[in-house]
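[1] Fold the following, please.
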Amino acid sequence: MSLIHGARALVAACAICLTTVAANAGTLSIQFGVAEPAQREAFTALVNDFRAANPDVEVRLALMDDAAQRQSLPASLAGDAPPDVFNGPAGDAMRAQARRGELDDLSDLWKANTWWNTFPATVASVGDRQYAVPYQVYPWGLFFRHDVLERAGLREAPRDLSGLLTACSKLRRAGFTPIALGARDGAAVAAWFDFIDLRANGFDFHAQLLDGKASYNDSNVRRSFLMWRQLIDARCFDANAAALDSRGAQSLLFAGRAGMVLAGTVFSTDIPAIVRPQVDFVRFPTIDSGLASSEPVSTDAFLVAARARNKAEARRFLSFAAGSAQQAKLARALGSLPANRYAPVAGSVLDLDSYKVLSEAKANVVSGYDRGVPADMARAGVKAFQDFLAQPGQMYPILDRLDATRATAYAAVEQAAVPVHAARKN
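    Residues are numbered from 1 along each chain as shown. Alright, predicted model coming up:
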C-alpha cells in the first residue's frame with residue numbers, strides 16, 4: 001500500500017515539475033540593455049503596451065545595464081536559457097552573431113510582412129536572410145550651446161572646418177572648453193574619425209575602409225588624420241578628454257563650461273530642462289563641399305535567440321514592435337528616429353533637424369566605426385584613436401599598427417564564421 005501511495009506521490013510531484021517547466025517554457029522572456037533612465041521607461045512602456053494588446057502572452061521583462069548585457073550575451077546565447085528577445089546594435093556584431101548561429105532566422109517574418117518596404121533591409125541582413133527588426137535610427141552631429149557661443153563672440157555654430165577652427169580659438173580665449181569629448185568611450189572617439197574621413201574623402205572611400213578594402217596607409221587616411229591633428233593642435237578638445245567618458249563630457253556642456261559636443265541624437269533625452277532652450281543640433285561641418293552628403297547613423301534592433309524557447313511569441317512581439325505607431329512612440333521616448341519609414345516623426349526642433357540630416361544623406365550612411373568593423377578591428381581602432389589624441393606626433397606608427405590589424409581581423413571573421421544556413425533552430 002505504501003508503494004502505491006509512494007508511486008502516486010511521485011506522479012503528482014512529476015506533474016508539478018512538468019507544469020512548472022511548461023509555465024516557464026510558455027513565458028516570453030525579453031531582455032533589454034539600457035544606459036539611461038529614459039530608455040528604461042521607454043522599453044517598459046513598449047512591453048506594457050504589448051501585454052495590453054496580447055493578454056494571453058505572459059511576459060517576463062529584464063532590464064540590464066547596456067555594458068553588462070553586451071558582456072553576458074555570448075554565454076547566454078550559447079546556454080540553455082537565453083532570452084527569447086533582446087536588443088542590440090545592427091552592424092558587424094549582429095552579422096557575427098548570425099554567422100555563429102546565435103540568432104534565429106527571421107526571413108519568414110520579413111516575407112510575411114513585406115518589411116523590405118518598411119525598413120532598411122541591409123542592416124538586418126546576412127547574405128539573403130534577415131536576422132533583426134530595427135526599431136530606431138539616430139544620426140550623429142554637433143550639439144552646441146547658443147549662450148556659450150554668443151559669449152565667445154560666435155553668432156552661429158561652425159559650418160565648415162575653417163569655421164570649426166575659428167570657433168575653437170574664440171571659445172578657448174573666452175575661457176571655455178571648445179569641444180567636450182569623452183574619449184574613454186569608443187563610440188565617441190571613433191565618431192570623430194568617421195566624420196572627418198567622410199567629410200574629407202566621401203562615402204565610397206570610407207565604406208571601403210570599414211569593409212577592410214582600403215589601407216590605413218592610404219594617402220586619404222593620412223590626410224584625414226592630419227586634419228584631425230589641426231583640431232588637436234588648436235586645443236579644440238578638453239585637456240582631460242582621455243579621462244572622461246561620454247557622461248563626463250556631457251556634464252561640461254550642461255554646466256556651461258563647454259561650447260560643443262559630438263553625439264548621437266539619443267543624447268537629447270539627457271539634456272536637463274533648464275538647459276534645453278540653449279542647446280541645438282547641427283550637421284557636422286563640411287570639409288570638401290564637392291562631396292555628397294553622408295553620415296554615420298546608428299541603428300538598433302530587436303533580435304531573437306537561435307535557442308529561444310518561445311519563437312512564436314517572440315515573433316508576435318516583433319510584429320507588434322515593428323508597427324508605425326509603436327515605433328514612433330518608442331523613438332520619441334528614446335530621442336531617436338523610428339526605423340519604420342512610415343512612422344511619423346515627432347515635431348521638436350531637434351527631431352526635425354536630425355531628420356533633415358538623415359534624409360539629405362539618402363543611402364550614403366555608415367553604421368559607424370565601432371559598429372561597422374569586426375570586433376578586433378574596432379578594439380584596435382578605438383585604441384589607436386585614443387593614442388592619437390594623446391600623441392598626434394605618432395601618426396605614422398599608429399597607422400602602421402592599424403594596417404597590421406586590418407590584415408588579420410577580417411580574415412579571422414571569415415575563418416571563424418559558421419555558415420548562416422547552419423544556424424540551430426529549436
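[2] model confidence over the strand or helix carrying Leu63, on average?
    Following DSSP states H and E, one finds Leu63 within strand 58-65. The average pLDDT within strand 58-65 is 96.
[3] Quickly run through the sheet partners of it, with directions.
    strand 27-34 (parallel) (DSSP bridges).
[4] continuing past the partner strand, what's the next helix or strand?
    Downstream of strand 27-34, the first helix or strand assigned by DSSP H and E is helix 37-53.
[5] Who does the strand ranked longest in the chain pair with, and is each partner parallel or antiparallel?
    Longest strand in the chain, counting residues (DSSP state E): strand 133-145. When pairing is defined by DSSP bridges, strand 133-145 lines up against strand 258-264 (antiparallel), strand 279-282 (antiparallel), strand 295-304 (antiparallel), strand 337-338 (antiparallel).
[6] could you dump those strands to TSV with mean pLDDT?
    Shown next, in TSV, are these (pLDDT from 0 to 100):
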stretch	mean pLDDT
strand 258-264	96
strand 279-282	92
strand 295-304	94
strand 337-338	90
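[7] Of those, which stretch is the most buried?
    Ranked by mean neighbour count, these are led by strand 337-338 with a mean of 28 (mean count of other CB atoms under 10 Å). In short, each C-beta sits where N, CA and C put it, glycine included.
[8] Distance from the longest strand of the chain to the middle of the chain?
    9 Å (CA atoms, centre = their mean, to the nearest Å).
[9] Just after that strand, pick out the following helix or strand.
    The element immediately downstream of strand 133-145 (helix or strand, assigned by DSSP H and E) is helix 146-151.
[10] Output that following helix in CSV with nothing but the alpha carbons.
    Output in CSV follows, covering the C-alpha atoms of helix 146-151 (Å, rounded to 0.1, in the frame of the first residue of the first chain):
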residue,chain,number,x,y,z
HIS,A,146,23.8,79.2,-28.1
ASP,A,147,24.6,81.1,-25.0
VAL,A,148,28.2,79.9,-24.7
LEU,A,149,28.9,80.5,-28.4
GLU,A,150,27.5,84.0,-28.1
ARG,A,151,29.7,84.8,-25.1
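[11] Flag every buried residue along it.
    146, 148-149, 151 (16 or more other CB atoms under 10 Å).
[12] still on that earlier bit, got the angle for the strand holding Leu63 vs helix 37-53?
    For strand 58-65 against helix 37-53, the angle by axes from the mean of the first three to the mean of the last three CA atoms, to 10 degrees is 170 degrees.
[13] Mind checking what helix or strand follows strand 58-65 in sequence?
    Per DSSP H and E, the first helix or strand lying C-terminal to strand 58-65 is helix 66-78.
[14] Next, the angle from whichever strand or helix holds Ala187 to strand 295-304.
    Counting by DSSP H and E, the secondary-structure element that holds Ala187 is helix 186-210. Angle between the axes of helix 186-210 and strand 295-304 is 100 degrees (criterion: the same axes, to 10 degrees).
[15] what packs against helix 186-210?
    Packed against helix 186-210 by the contact rule (3 or more CB pairs under 8 Å, 6 or more residues apart in numbering; DSSP states H and E) you find strand 133-145, helix 219-233, helix 246-254, strand 258-264, strand 295-304, strand 365-366, helix 369-372, helix 375-390.
[16] make it 6 Å
    helix 219-233, helix 369-372, helix 375-390 (3 or more CB pairs under 6 Å, 6 or more residues apart in numbering; DSSP states H and E).
[17] can you list contacts of the longest one?
    Yep, that's helix 375-390 we're talking about. Identification of contacts with helix 375-390 by CB atoms under 6 Å, 6 or more residues apart in numbering yields 183, 186, 189-190, 193, 242, 369-370, 398, 402, 405, 409.
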